[in-house]
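Engineer: Have a look at this fold, sequence not included:
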């Protein structure tokens, strides 16, 4: 096989695995008013210093268009899970901060969601899980800039 053919075959396998696992996780996602997409925002904010991030930087972590992120953040703010405020370093920017209620919701949903993830990943050994994480990080780090 050529390098290009190998790359396409590997990409197809990775993509189809991601789609299959994500479909399972969506089907098993805990009910309770927080969607998987909303949870993704809470997850990303929970990993940041001060649980806050500029919207422009948050966009880089999400698979949504900027207008979709804005609407999603408005919904989360209406639920009291995040607060939007002006960026003190740049008047044009907006910072999104996870509230205590948002952190509690992240933990509530995340606990159940992590059990579902662990069940899906049991198909791999501990060594394979570590290797998969290394390969995914390497692939993400070596991705061509968009």
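Structural biologist: Here it is on my side, so go on. Bear in mind the structure is a predicted one, so any value in this text is a computation, not a measurement.

Engineer: From residue 109, how far off is residue 95?
Structural biologist: Residue 95 is 23 Å from residue 109, where distance means C-beta to C-beta, to the nearest Å. Quick note: C-beta positions are derived from backbone N, CA and C, even for glycine.

Engineer: for residue 38, that is, sorry about that
Structural biologist: Residue 38 sits 9 Å away from residue 109, going by C-beta to C-beta.

Engineer: part of a strand, is residue 83?
Structural biologist: Yes: counting by DSSP: H, G, I helix; E, B strand; the rest coil, residue 83 falls inside a strand.

Engineer: May I have the residues that are in contact with it?
Structural biologist: Residues near residue 83 by C-beta atoms under 8 Å, 6 or more residues apart in numbering: 77, 96, 97, 99.

Engineer: Next one: the residue nearest to the spatial centre of the chain, what pLDDT does it get?
Structural biologist: Centroid-nearest residue in the chain, with C-alpha atoms, centre = their mean: residue 40, separated by 4.2 Å. In the predicted model, residue 40 carries a pLDDT score of 93.

Engineer: picking that back up, export the contacts of residue 83 to TSV and tack on distance to residue 64, pLDDT and secondary structure?
Structural biologist: What follows is the contacts of residue 83, written out as TSV (distance: C-beta to C-beta, whole Å; pLDDT from 0 to 100; DSSP: H, G, I helix; E, B strand; the rest coil):
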residue	distance to residue 64	pLDDT	secondary structure
77	16	97	helix
96	13	94	strand
97	19	96	strand
99	21	97	coil
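
Engineer: Thanks a lot, see you next time.
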